[in-house]
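Undergrad: could you work out the structure for the sequence below:
(one chain, ligands or ions: 1)
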Amino acid sequence: MTPGRPSRRRFLRRSFAALGGVVALGRFGRGAEAEQPDAFVVGQKPAIGERGVYLNIPAPLHPLTVHDWDDARWSGYLDTLAAGRINRLYFYLWQGSHSDFACAPEHRDRNRRLHERMRWVIGEARQRGMKVVFLFCPTYIPRVLWQQHRALHADIEYVRAGFPCICPSQPKSWPLMRKVCDHELEWFKDADGFQLCFYDPGGCMCAQCRRDLAAPLLRQVDEFSRIAWQKNPQAEFQVSLWPIWAWESHLNRPYGVELLDRMKAHFGAKHGQIAIADSADHPRSFLGAAKTLGFQTQAFVFSTDVESPFVFLNPQFAYLRRTAARIAAEGHTGAFVHSLLPGSKALGTFVAALALWNPEVPADELARAAALRFTDDPSAARKLVPALLAWESLLLNGNPKPDDAIALRRNVEQALASLSDARRQELEWLPATTRAIEVLVEGTAVPDDALRQKQLAARFRTTLAASPTFKSFAPQAEVVFPHLVRMVDRGWKAAHF
Ligand SMILES: [Zn+2]
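TA: Numbers count the residues shown, from 1 in each chain. Predicted coordinates:
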């Protein structure tokens, strides 16, 4: 190292200290921005230009999901995203139960409130410098409608798992799909963009659809892009190919590249304005092919286990840094990270946001920024950093040690001990999560002891029931306990889709 020149690490630390300044900005507003050093305010460029969070809105589990959040909770969450320099908010409402079109009578008021809320969120997110993208899946329709049209049911594993999907090769499916999408796109026509998803879940693998797998997908792109642009001519249009690579493997038939080729031919020069979304890290993702063909590309960061109801924070410093670095190196237009349960996982989303901004920032600095953002207390944050790093290790590799889980719980409790009562109440999900993880890890140590498993499952339930954050999940706790124990035992590395 040349004397007088800062080391790379010091440089990164310094540039990140500036980022830390902006992390605080969300709290202090525009006045503080003027006091930031010029080097940061105008100087630093993000590694990835468009950085989004994809809020996937599932069945309600208050306050893990957003359904019943009040203005203050929403504002705090959006402030946190903005402080993480997120500049895009994606959202998806599960149409089977959350549509405002033909929904079940018992869901009507809730769904209307949710639609009104998400319209409000579009405005609030915009005020914080974000563009908003609404995701929709045409073949996945309101359950009440689906039940009235048995002949249209799709032939796909999602349907067998109870999801209301219809077959796009049946002519009578199209008026239904159009009506539902028209209604929903009308609700959110002020969004900055729309993303069409085929399999979230949806799609069909019946004999007719299999004859030409790309055809019904291309027709959806054609029809629904036209509807979207009628609603909002300025809107961006995105198409999610996730996870066609999984279907290709399953069917042993390639059709993803063919779909891209046909989309390009269909749109002509306009295809360059369309973004293709796909997995950020799957080896057979179509992002590379889409980029080569001249589409915009949005990398989907799905840092969860798709099959597991793991409702707990799972910090992913190494994975996020590595993945964000690759997305940046591949030169994609943007990236967006999945978020299903912001009530207990927003800290992980915040870390992801910072990693997308600068993947070279060391893990301990990411942890420090997140700890500071959430505790708003430098001393508590300092203590929380090693706990967050240990937390990642505990869940990543599998075969966790019960003593490590106990230490994690104690360290988190100690880190938060000096905070005000109000702040500790706000962060109660943090120690509650470590208590739940402690029980799961204990479960991994006694896999063959049925009586002990039963006792631990009951303790898992009472642990969750005692937490305001997790009590809505407690009724499912005993049923999912064995599944979660297996996942923790294997490690997230092995469980990641
Ligand atoms: Zn079909």
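Undergrad: my guess is Thr469 meets Trp429, correct?
TA: Yes. Using C-beta atoms under 8 Å, Thr469 is in contact with Trp429, at 3.9 Å. C-beta coordinates here come from the backbone N, C-alpha and C atoms, glycine included.
Undergrad: what sits in contact with each of the two?
TA: Listed as contacting both Thr469 and Trp429 by C-beta atoms under 8 Å, 6 or more residues apart in numbering are Gly343, Ser344.
Undergrad: test my guess that Leu78 contacts Arg126.
TA: No. With contact defined as C-beta under 8 Å, Leu78 and Arg126 do not form a contacting pair (10.1 Å).
Undergrad: more crowded one of these two?
TA: Leu78 (20 against 15; other C-beta atoms under 10 Å).
Undergrad: ok, now which ones touch Phe194?
TA: Val133, Phe134, Leu135, Phe136, Leu185, Phe188, Phe224, Ala228, Ala235, Glu236, Phe237, Gln238.
Undergrad: mind checking which of the residues you listed are in helices?
TA: Judged by DSSP state H, the subset of the contacts of Phe194 located in helices is Leu185, Phe224, Ala228.
Undergrad: turn the residues you listed into TSV, including distance to Gln44.
TA: Compiled in TSV, the ones in helices among the contacts of Phe194 are given as follows (distance: C-beta to C-beta, whole Å):
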residue	distance to Gln44
Leu185	37
Phe224	38
Ala228	34
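Undergrad: buried subset of those?
TA: Among the ones in helices among the contacts of Phe194, those classed as buried by 16 or more other C-beta atoms under 10 Å are Leu185, Phe224, Ala228.
Undergrad: nearest to the ion, of those?
TA: Within those, distances to the ion taken as C-beta to the ion reach their minimum at Phe224, with 17.2 Å.
Undergrad: where in this structure is pLDDT low?
TA: Scanning the chain for pLDDT under 70 picks out the ranges 1-43, 305-308, 497.
Undergrad: so which residues on it come close to the ion?
TA: Counting by C-beta under 5 Å from the ion, the chain comes close to the ion at Cys167, Ser169, Cys204, Cys206, Cys209.
Undergrad: go ahead and flag the most central residue of the protein.
TA: His338 (1.2 Å; C-alpha atoms, centre = their mean).
Undergrad: so who does that one touch?
TA: Tyr54, Asn56, Phe300, Val301, Phe302, Ser303, Thr304.
Undergrad: confirm it sits in a strand?
TA: Yes. Applying DSSP: H, G, I helix; E, B strand; the rest coil, one finds His338 inside a strand.
Undergrad: how about Ala277, secondary structure?
TA: Going by three-state DSSP: Ala277 is strand.
Undergrad: ok, what's across the strand from it?
TA: Ser240, Gln298 (DSSP bridges).
Undergrad: next one: it from the ion, what distance?
TA: 23 Å (C-beta to the ion, to the nearest Å).
Undergrad: ok, which stretches of this protein are strands?
TA: Using DSSP state E, the strands assigned to the chain run over residues 50-57, 88-93, 131-136, 193-197, 236-240, 275-279, 296-301, 334-339.
Undergrad: can you put the ones you listed in CSV and add distance to Thr65?
TA: CSV is the format used below for the strands of the chain (distance: least, C-beta to C-beta, whole Å):
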stretch, distance to Thr65
strand 50-57, 6
strand 88-93, 11
strand 131-136, 16
strand 193-197, 19
strand 236-240, 21
strand 275-279, 22
strand 296-301, 20
strand 334-339, 10
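Undergrad: which of these sits closest to Val385?
TA: Judged by C-beta to C-beta, the one of the strands of the chain that comes nearest to Val385 is strand 334-339, at 21.3 Å.
Undergrad: now do the closest one against strand 236-240, angle only.
TA: Counting by axes from the mean of the first three to the mean of the last three C-alpha atoms, to 10 degrees, strand 334-339 lies at 60 degrees to strand 236-240.
Undergrad: quick one: strands adjacent to strand 334-339?
TA: Sheet pairing for strand 334-339, assigned by DSSP bridges, gives strand 50-57 (parallel), strand 296-301 (parallel).
Undergrad: near Arg210, how many other residues are there?
TA: Arg210 has 14 neighbouring residues, counting by other C-beta under 10 Å.
Undergrad: for it, which non-adjacent residue is closest in space?
TA: Of all residues not flanking Arg210 in the chain, Leu251 sits nearest, at 7.4 Å (C-beta to C-beta, 6 or more residues apart in numbering).
Undergrad: right, and the one you found touches Met205 too?
TA: Yes. If you go by C-beta under 8 Å, Leu251 and Met205 touch, sitting 7.2 Å apart.
Undergrad: more neighbours: which of these two?
TA: Each of Leu251 and Met205 has its neighbours counted (other C-beta under 10 Å); Met205 has more, 18 against 12.
Undergrad: give the contact list for the more buried one.
TA: Residues in contact with Met205 (C-beta under 8 Å, 6+ apart) are Ala154, Asp155, Ile156, Trp247, Leu251.
Undergrad: by neighbour count, which of those residues wins?
TA: Ala154 (28 neighbours).
Undergrad: measure that one to Trp247 for me?
TA: With distances taken as C-beta to C-beta, to the nearest Å, Ala154 is found 13 Å from Trp247.
Undergrad: domain boundaries for the chain, per the record?
TA: Annotated domains of the chain cover 8-361, 377-495 [automatic domain parsing].
Undergrad: wait, which of the ones you listed is closest to Arg368?
TA: domain 377-495 (5.1 Å).
Undergrad: now do the end-to-end distance for the closest one.
TA: One end of domain 377-495 sits 34 Å from the other (C-alpha to C-alpha, to the nearest Å).
Undergrad: quick one on the thing from earlier: quick check: PyMOL command selecting the buried ones in the residues of the chain next to the ion.
TA: To isolate the buried members of these in PyMOL, using 16+ other C-beta under 10 Å:
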select buried, resi 167+169+204+209
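Undergrad: which residue does the stretch 51-200 of the chain bring closest to the ion?
TA: For the stretch 51-200 of the chain, C-beta to the ion, closest residue to the ion: Cys167, 3.2 Å.
Undergrad: thinking again about what came up before, can you pick the most crowded of the contacts of Phe194?
TA: When neighbours are taken as other C-beta under 10 Å, the top entry among these is Val133 (28 neighbours).
Undergrad: thought that residue was touching Met118?
TA: No. Using C-beta under 8 Å, Val133 is not in contact with Met118; the gap is 11.9 Å.
Undergrad: now the common contact residues for those two.
TA: Common contacts of Val133 and Met118 (C-beta under 8 Å, 6+ apart): Phe91.
Undergrad: about what we covered before: and the residue nearest to Arg210, how far is that from the ion?
TA: 13 Å.
Undergrad: for Ala405, give me its contacts.
TA: Leu394, Thr434, Ile437, Glu438, Leu440, Val441, Glu442.
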